[in-house]
Every structure is written in C-alpha cells, then in structure tokens.
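[1] can you look at this prediction? I've put the sequence above it.
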Amino acid sequence: MNKLRDRIRIQTDGQMKTGRDVVIGALLGAEEFGFGTAALVTMGCIMMRKCHLNTCPVGVATQNGELRKRFTGKAEHVISFMRFIAEEIRELMAELGFRKFEDMVGRVDLLEVQHAVEYYKTQGLDFSKVLAVPAVPAGGSLRCVTHQQHDFSLSIDAELIQGAKEALEHRKPVSLRHKIRNCNRTAGTTLSYEISKRYGSKGLDADTIRVKFDGSAGQSFGAFLASGVTFELEGDANDYFGKGLSGGKLIIYPPKASTFRPQDNSITGNVNLFGATAGEVYIHGMAGERFCVRNSGAIAVVEGVGDHGCEYMTGGRVIILGKTGVNFAAGMSGGIAYVLDENQLFDTLCNLEMVDLEPVVEKEDVNFLRTHIERHVKFTGSDYASEILKSWDEMLPKFVKVMPMDYKKALQKLKEQQMKNSESAEMTEEVFL
C-alpha cells in the first residue's frame, strides 16, 4: 500500500457538513471530498425522503409543475456554503500550523480520540489502527504526488470519426466495419460528442452512421450514443453496455458460429443502459444485474436479466423475453416493463412496493410488444424470439405488464386533461361555426 499511496488520490464522503469534517478527513489521508446532503439542504431540501413519490413539498425532486414553483434554490446558495466551508478550513489550518492543504494530508499524529464525551455506541471501539501513523518509505509520500497518465491509444473512436467524416460533415449515410477487443472502452462516446457538437441533441437521421463490430467489446460500449448512430456487435460486451444511451441504436448477438442457446447465457455484463435517456437496444441473449437502472426513455428488448432489473427506472419501456433475477422493479417510479413469465413465478421475484402486475390486454400494449419483438428478430436474427411470434396467441397471456402505481395515475390524469382540452376545442369550434 505504501508504494501505491503516492500514486492514488483518496476520496471521502458521507455526512460532510463542516470545515472540521474536511480537516479530519485530510488528516486521515483524504485529498478529495464529496458533499451531498449539505449541498441539497442549501438548495432548500428539507429531507422529506419522498423523492421517489414525486411529491417533494419544496420542489427539489419532482416533475409536478405546481410543486416546482416552490423551488427557491440558487447556485449562489451552494457557492456561499462552500465558501464558508473553505474559510473554516483555513482557520483550522492556521491553528494547526499548516500553510498548505497538502501538508496536512495523512498527518494522523495530530488526531486523538475524545474520551471525555461518552456515548454508549462508542463504548468498546478501538481506534488504534485507524489512528496508527503509517511508515513512509524513503522517497515516498503520504499523499498523491504523481499525475495519472491518460492513454487513449487503445480508443477506436478516432478511426470511427475519420470513417464517418461524410456523415459528420454532410449528413451522408456511411457504413463501417471494425474489430473490437475488451480493452477498447467507451466505443462511440467521442463519436457521439462530435455529432452533438455539430447538431445538438437532435443528432443525425436514423441509421446515418452504421458500424458493424466483431469481437468482445470493453466496458461502456455505446455509452452516450447519439441519435443517428447504429452499432451492431457480433460477439459480447462488458459492463455498462449502452450507459447513458442518448438516441442511438445498439444491436448485439452471439457469433454466427456459436452453438450455445443465447437465451440461457449472458452476452452483456452488469448495469446495461444505466441512465439511458433515448434510443433502442436489442440484445439476443441475457444481460447481467441491474439492467436499465435509472432508464428514463430508452426502449430495450432482452432475453433475460439478473437481479435488480429496472431498478429506479423513471421512463422508457423494457421487454424481457425470459427469466429475471430477484428484486425486479425496486424503486421503479416510471416507464413500463413487459416480462414473459412462463413459469408463473415472477410475482415472487418482483419488488411490489411501487408497482402493480397486470395482464397485457390493452391494444396499445399488445401492438407495442409485438412490433418490438418483430424488430428484435429482424435486427438480431433471434430464433427464440421468432418462436414466440409463431405462437403469439399462446404466448401473449404469459406476458406480465409491470406498471408503477403513481406513474399510472399520472398517465391517467394526463389522458383526462387531454380529453378535456379536446372537448373544449370542439366546443370553441362549434361556437365559431
């Protein structure tokens, strides 16, 4: 550890509220500090802990227009708070005799346990190892004294950008083919940056840039992929597949020569589509744990997922043509999921605190489900999904619709409001006639 200490930066967070907290953290060896709760409070948060219910009384965490009017927070409030923190740190540093913050890092010898204040929860705690002064080897340091070297030599985006030049500059469709290895991370992110820089969030027309990959993709394949880009991968992918997807299309399927059953094997890693906002994903095979966490707008079709699927999802739609792990839909406040529940055990795997399970009977749901399964077959060539379509009348009753309760109420209110507006417009038209 001593050999590594001068090459890493230690960060601490959790209930950091004062300059004293920062100084203690620094003396224990931290160089970076995370503020969460305190910064929220300066913006007006009163810690109701009802963020997921869309009923925040001070308008911090809500999409309700009337409640958002109550929000009075300003960036200046946070700036003022952090300035007070910095001033207190300077005062404490002066008392301790430090001129520079970095000189204070790791000086555990200046800390001691206050035994005069007794609290039953602290009785019997031994802080000797926490407050032990580490041995520093010759030439070593208690803080980070080197800078991280960012090596972009393994990035393939430079080649993609060059190959997509006509599309980037003149919006002309291009098709590329590229090998990929698991050391090639965040493939497509810099390409998406180039698109966003030129055309904003609207991006390019659908399928303007098509790239066919072969191999094993590294972490964050297709992260933040912009509208107009389609990535097709024949192989497999690591964690964070499609992270922050922003309108692009991702297609993945096993190598054509493979002999295993894709619907029974994982083809992508954990935390697929984390924080996705738009786009489409078709996965011929299973995904890992925490599939579509915080998805707010993307559409995904997958043939099975691990634990915690659709956790904290707020929008978008997900079709799962197979098994799920436990704790499905935990904290899911929006969006809709359709799960093929062939063994009738899904209700024991789903977290029912915020969602209801319904049959898929409404015409809109049936059409959406069938349309996107057909697209899944078209893009991935899935024999498994094709069999589902062939037995559609038999398979449809086995699908379960996972619907967040409050989201359903919000959609119903929106529908009623639209009907009132429509009736009002018709009455106005009759008056003019």
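    Now that the structure is in, tell me what you want to look at.
[2] got any ranges where the stretch 101-250 of the chain has weak pLDDT?
    115-117 (pLDDT under 70).
[3] now the helices: where do they sit in it?
    157-163, 165-170, 189-199 (DSSP state H, counting those that start in this stretch).
[4] show me the shaky parts of the stretch 301-433 of the chain.
    425-433.
[5] before we move on, back to that, looking at the helices of the stretch 101-250 of the chain, which is buried most?
    For the helices of the stretch 101-250 of the chain, the largest average neighbour count (mean count of other CB atoms under 10 Å) is found in helix 189-199, namely a mean of 18. All C-beta atoms are positioned from the backbone trio N, CA, C, and that covers glycine.
[6] re earlier: got JSON lines for the helices of the stretch 101-250 of the chain, with distance to Val60 too?
    Below are those laid out as JSON lines (distance: least, CB to CB, whole Å):
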{"stretch": "helix 157-163", "distance to Val60": "37"}
{"stretch": "helix 165-170", "distance to Val60": "39"}
{"stretch": "helix 189-199", "distance to Val60": "28"}
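[7] Val113 is nearest to which of these?
    helix 189-199 (46.9 Å; CB to CB).
[8] quick one: contacts of the closest one?
    155, 157-158, 160-161, 164, 168, 203-204, 209, 220, 223-229, 246, 248 (CB atoms under 8 Å, 6 or more residues apart in numbering).
[9] put the alpha carbons of it into CSV.
    Included here for helix 189-199 are C-alpha records, laid out as CSV according to Å, rounded to 0.1, in the frame of the first residue of the first chain:
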residue,chain,number,x,y,z
THR,A,189,-18.6,8.1,-27.0
THR,A,190,-16.2,10.6,-28.7
LEU,A,191,-18.0,10.0,-32.0
SER,A,192,-21.3,11.0,-30.3
TYR,A,193,-19.5,14.1,-28.9
GLU,A,194,-18.7,15.1,-32.5
ILE,A,195,-22.3,14.7,-33.5
SER,A,196,-23.7,16.6,-30.5
LYS,A,197,-21.2,19.4,-31.1
ARG,A,198,-22.4,19.9,-34.6
TYR,A,199,-26.1,19.0,-34.4
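[10] what are the phi and psi angles of the closest residue to Arg7 other than its chain neighbours?
    Closest residue to Arg7 apart from its sequence neighbours, by CB to CB, 6 or more residues apart in numbering: Thr146 at 5.2 Å. Main-chain torsions, Thr146, degrees, to the nearest 10: phi -120, psi 160.
[11] quick one, helices of the stretch 251-400 of the chain?
    Under DSSP H, counting those that start in this stretch, the stretch 251-400 of the chain gives helices at 346-349, 363-380, 383-390, 392-395.
[12] who are the packing partners of the first one?
    For helix 346-349, not one helix or strand is in contact under the criterion 3 or more CB pairs under 8 Å, 6 or more residues apart in numbering; DSSP states H and E.
[13] and the nearest residue to Asp157 once chain neighbours are set aside, how close does it get to Leu233?
    Nearest non-adjacent residue to Asp157, counting by CB to CB, 6+ apart: Thr190, 3.8 Å away. Distance of Thr190 to Leu233, given as CB to CB, to the nearest Å: 18 Å.
[14] do Pro404 as well
    For Pro404 relative to Leu233 (CB to CB), the value is 31 Å.
[15] over to Met286?
    15 Å.
[16] help me confirm that Arg90 is found in a strand?
    No - Arg90 sits outside any strand when classified using DSSP: H, G, I helix; E, B strand; the rest coil, being helix.
[17] got phi/psi on the closest residue to it other than its chain neighbours?
    Using CB to CB, 6+ apart and skipping residues adjacent in sequence, the residue nearest Arg90 is Gly19, 8.0 Å away. Backbone torsions for Gly19, taken as degrees, to the nearest 10, come to phi -60, psi -30.
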